[in-house]
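Student: Provided below are the primary sequence and the corresponding predicted coordinates.
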Amino acid sequence: MSLSTRDLPAHVQFWHKLRQSAAWDRLGFGAWLRSERAPSWVQSWGQIWGSRRHDAASQLPLSPVALAHRKFGQAMIMLTIGFAIIGLRLMGVSLSSPARQHTPVVVGAQVKRADITDRNGVILATNLPMEDAAIDPRKVTDPVQMVNHLATIWPDLDMVALLQRLASSRNFVYVKRGISPREAQNLAQLNLPGLFFLREEHRIYPHAAEFAHILGYSDVDNNGLAGIERRYNSQLQQQTEPLHLSVDASIQHVLRSELLQTKQQLNAIGAAGLVLDVRTGEVLALVSLPDYNPNDTNRHEGDNYFNRVSLGRYEMGSIFKIFTAAMALDNGLVTVNSMFDVSQALVSGPYVIHDDHPVNRAMSVAEIITYSSNIGAARIALAAGVERQKEFLAGLGLLSPMEFDLPEMGKPEYPKNWRMINLMTIAYGHGLALPPVQMVAALAAMVNGGILIQPTLLYRPDSEPIAGRRVIKSSTSATLRQLMRQVVTNGTGRFSDIAGYDIGGKTGTAEKIDSHHVYQKHRLIASFVGAFPIEAPRYMVFAMIDEPKGNEFSQGQRSAAYVAAPLVGRVIARIGPILAVPASPARAQNVRLSAQAIAQNGGKNAKLPTE
Amino acid sequence: MTIFARTDTSIMGRWWWTVDRWSLALLLGLILFGAVLLLAASPAVAVRLGLLPWHFVWRQGPLLPVAVVGMIGISVLPIKRIKLMALVGFAVFMGLVLLTLGSEEIKGAQRWVTVMGVSLQPSEFAKPCFVVVTAMILVAWQAHHRRRRLAISSLLYGLFAGLVMAQPDFGQSVLISAIWLMQLALVGVPLVLILGGVAFALISAGIAYELMPHVQARLDGFFARSGNHYQVERGLEAFANGGLFGKGPGEGTIKMVIPDAHADFVFAVAGEEFGLIACLVLIGLYVVILARSGARLRKSKDLFVVLAGGGLLVELSLQALVNMASVLHLIPTKGMTLPFVSYGGSSLLAMAMAMGMMLSLTRRNFGERRWA
């Protein structure tokens, strides 16, 4: 049976005809390739590509060696084409103008890193030329004398370790990196053989620990390892103009010093705080204690590198009642005057929900928030139901990881199986753990008219439009502001009430969980969030004290009302004038008085003047 | 060229007149090029790492004469010895590759093993041995046992590539696969099977992408044109800075910022300090070695010589291609060295071994009727 070309697929027929056509031969693609007339390299090309497994002339099958020759020839040609592509690409790259590339600024052998400034241009991170002192042990004549000399200049020098390193066979030993040019000068005058200096740019953080958890730090090789330095590493390596942050050095100082004082007085294990512009989402101050000095990152003590504001996840306690009220009000399920019975402890299966100060009657929603009733909050949540609560919290972005300008960012943690008991406990802030910054961002939306704005550590020029998403009605937000004001005037937030500014806020005292998932009565997270001026809030101040011990500074108490609320009051009294927030008209005359009172009290908060 | 008289029948005398002197000279030229670039690029890297400036020079320098002597020494051996050496070498280095799987990680992979105080990368040495052993297998069962030879060779390939993959060294396993498939093509394995092999490789690449974080980062870096392809960007700048004639030896600045300037990115340093023309000359060296040795291989009547020599030659060329292409951002970075030029003792010595074998295979042995 013979096959005719007509049985073949169309494209094969086409090629078959083409290759047999006279035009093909005339174009030189046919026999000419292998003919004597072609140059030798064309001939070998023709031999290699001409036919597959049969000899072109005799049509006999190729011997294995001849086949290998042919195939290897094909491989060689492909590799050569590869090298040709490399060559062309090389020419393209080499002959392109270097101007359009961003060449890093090179000083000596060290690459510069852009400065970081606060919102007013105060330098938070910069570079200084410094010297690295090093020793070539082979040139040292008397190691002991040398180490003694060095120890007179640096008393904290580990002499034994240095002697050991000098005795090793290495030919290069760092003594100390990042010493000032003056120190190097003094050392050089000692004329110690083998000692020499390498000049390098070093990263300097002039405010030391003040901005530690915001800035992070970078290593000697110009790589950001934490914080802003890490998050914006490539930008800092490449750009020359400073990175402009939203933080304000003076606000940061106030917040940190107040937190530091309270943490020490109450012998707490940690503290955290945040000041947020509720209209732009800019973070003005962010403090987590304990912190560290980014100029000296070798010292790890306890959890001083742990950022409680963004990486730490906490059950925030009663502050969550604001969300519970917002959900119920916004959905029209309740009004501020709806009554809920709080006289009986709430029993759900094996769980019992109590109030710290039980009241034997029904309470309105306003009272539940003002006096922070757990039973009341749980009952409000029961009116809404699991699905509505989940949907509302998800809408506030509290159930998914938040985008933030720090690489140290914790993810919210909540029950996979959201049961009735979870509904009730989450209503008063237990059962859902999240980074405080994430909660504060959502709280800002509760008071700013209902717009959720992504918080940022980068400066936002006024001209830049703010991307926000409406999460509650503007009227709900207004109601919440009234409720939060009542907390401060009549409720658990009384100790945050200061002259000069009308603060609205909410306390939150949460019990910490131990490793066996048991709540601990005496290990508390005491926090307070305050917004001011509450009529039309500009700023939100959040403070959290981790495991305060009750003592004379807090009237023997360790709950948020006595620990965190007065702290936020003091912070607002100090930063309000700096931020040029006009004082509330009726109380303007008291502003000076209030500041004086704070100075005299030295932080004791029980007797703040009120109207 | 009168080092040896034509009538000299000593081993070296015979070697001199039978070896491919052009390829030998070009290979020595490559090693010289590498030495110059070692002096240019490595001090800056050493200082950045807090080492003495000449640290890498002291470590690599003494290996250069070792490589030259080793390469010539191997090229003197007769083909029988080359086969023996490959067999033994493959067994030994495969054993060592197995050992590496329990060793500590360097740059995200376990590739190094310490033998008598010297840490080396056994997979580099196993590679040329594998090429020669594959050629032996393909020739040994060539006549009537095509399935058997394919099965045996596949088994060996699977073992070797699997181990290298497990290190994990994705680039190296791609290279090994390419050489092996080329050798199969040379013995006439149908294209369908080879394409099937490539499809298999692509699927394993997909799995590698999913399972190996550093492969994922590299591919993402290449395709997203963002993220962690810092070295590549700086490398491209280096070529632009160098222009036609370069900035002059030691004048480059890019080597200060590229962490792998002395190793995988040495080509970029060459581009900046010696310029386009020198880089083209370097490419030319590889091309001429390929053409020259290839032409000699294509005259050999011994199928084993074509398979083994061809495989070794493709190893050299492909590795150079892959390295240069990744530095030039044509393909994702593979962590592959530029043969004879990049810093790295294992890679240098293993490549010298491979080229020594190839030079031995391309010698004109008049005693045996292998040459047309």
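Tutor: Yes, it's here.

Student: and the helix ranked longest in chain B, what does it pack onto?
Tutor: In chain B, with assignment by DSSP state H, the single longest helix is helix B:21-48. If contacts are counted by 3 or more CB pairs under 8 Å, 6 or more residues apart in numbering or on different chains; DSSP states H and E, helix B:21-48 sits against helix B:55-60, helix B:63-76, helix B:266-273, helix B:275-297, helix B:345-361. Bear in mind the C-beta positions are built from the backbone N, C-alpha and C, glycine included.

Student: kindly reformat these as CSV containing mean pLDDT and mean neighbour count.
Tutor: Below are the helices and strands packed on helix B:21-48 laid out as CSV (pLDDT from 0 to 100; neighbours: other CB atoms under 10 Å in any protein chain shown):
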stretch, mean pLDDT, mean neighbour count
helix B:55-60, 82, 18
helix B:63-76, 92, 18
helix B:266-273, 86, 29
helix B:275-297, 92, 20
helix B:345-361, 92, 26
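
Student: now tabulate those helices in JSON lines and tack on distance to chain A.
Tutor: Formatted as JSON lines, the helices and strands packed on helix B:21-48 follow (distance: least, CB to the nearest CB, whole Å):
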{"stretch": "helix B:55-60", "distance to chain A": "8"}
{"stretch": "helix B:63-76", "distance to chain A": "20"}
{"stretch": "helix B:266-273", "distance to chain A": "6"}
{"stretch": "helix B:275-297", "distance to chain A": "4"}
{"stretch": "helix B:345-361", "distance to chain A": "13"}
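
Student: buried sites along the host helix or strand of A:Arg203?
Tutor: According to DSSP states H and E, A:Arg203 maps onto strand A:195-204. Neighbour counts over strand A:195-204 (16 or more other CB atoms under 10 Å in any protein chain shown) mark A:195-198, A:200-204 as buried.

Student: pick the one among these closest to A:Lys112.
Tutor: In terms of CB to CB, no member of these lies closer to A:Lys112 than A:Glu201, at 6.1 Å.

Student: about what we covered before: distance from the chain centre to the strand holding A:Arg203, please.
Tutor: 30 Å (CA atoms, centre = their mean, to the nearest Å).

Student: what's downstream of it, the next helix or strand?
Tutor: helix A:212-215.

Student: same question for that next one, mean pLDDT?
Tutor: Averaging pLDDT along helix A:212-215 yields 93.

Student: using CSV, write out every CA atom in the next helix or strand after that helix.
Tutor: Scanning forward in sequence from helix A:212-215 by DSSP H and E, the next helix or strand is helix A:227-231. The C-alpha trace of helix A:227-231 is given here as CSV (Å, rounded to 0.1, in the frame of the first residue of the first chain):
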residue,chain,number,x,y,z
GLY,A,227,11.0,48.3,61.8
ILE,A,228,11.0,51.1,59.2
GLU,A,229,14.6,50.3,58.4
ARG,A,230,13.6,46.9,57.3
ARG,A,231,10.2,47.6,55.8
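
Student: say whether chain B is contacted by helix A:227-231.
Tutor: No - taking CB under 8 Å from any CB of the partner chain as the criterion, helix A:227-231 and chain B are apart, separated by no less than 13.2 Å.

Student: list the contacts of that helix.
Tutor: Applying CB atoms under 8 Å, 6 or more residues apart in numbering or on different chains, the contact partners of helix A:227-231 are A:116, A:125, A:203, A:212-218, A:224, A:236, A:243, A:245, A:405-408, A:457.

Student: A:Arg279 and A:Ala66, how far apart?
Tutor: 82 Å (CB to CB, to the nearest Å).

Student: got it, and B:Gly34?
Tutor: Distance of B:Gly34 to A:Ala66, computed by CB to CB: 37 Å.

Student: what do you get for A:Leu243?
Tutor: Distance from A:Leu243 to A:Ala66, by CB to CB: 67 Å.

Student: tell me which of the two has more neighbours.
Tutor: A:Leu243 (21 against 18; other CB atoms under 10 Å in any protein chain shown).

Student: that one reaches A:Asp115, doesn't it?
Tutor: Yes - contact status for A:Leu243 versus A:Asp115: in contact at 7.3 Å, counting by CB atoms under 8 Å.

Student: establish whether stretch B:123-141 and chain A are in contact.
Tutor: No - for stretch B:123-141, no contact with chain A is found by CB under 8 Å from any CB; the gap never falls below 8.8 Å.

Student: enumerate the positions of that stretch that are buried.
Tutor: By neighbour count on 16+ other CB under 10 Å, the buried set for stretch B:123-141 is B:123-139, B:141.

Student: pLDDT of it, averaged?
Tutor: In the prediction, stretch B:123-141 has an average pLDDT of 91.

Student: chain center to that stretch: distance?
Tutor: 15 Å.

Student: again, but for stretch A:174-188
Tutor: 35 Å.

Student: residues near residue 343, how many?
Tutor: Assuming you mean chain A. 12.

Student: please go with chain B instead
Tutor: B:Tyr343: 24 surrounding residues under other CB under 10 Å.

Student: and it, that's in a strand?
Tutor: No - assigned with DSSP: H, G, I helix; E, B strand; the rest coil, B:Tyr343 falls outside any strand and is coil.

Student: and the gap between the spatially closest residue to it that is not a sequence neighbour and chain A?
Tutor: Among residues not flanking B:Tyr343 along the chain, B:His262 sits closest, at 4.1 Å (CB to CB, 6 or more residues apart in numbering or on different chains). For B:His262, the distance to chain A (CB to the nearest CB, to the nearest Å) stands at 15 Å.
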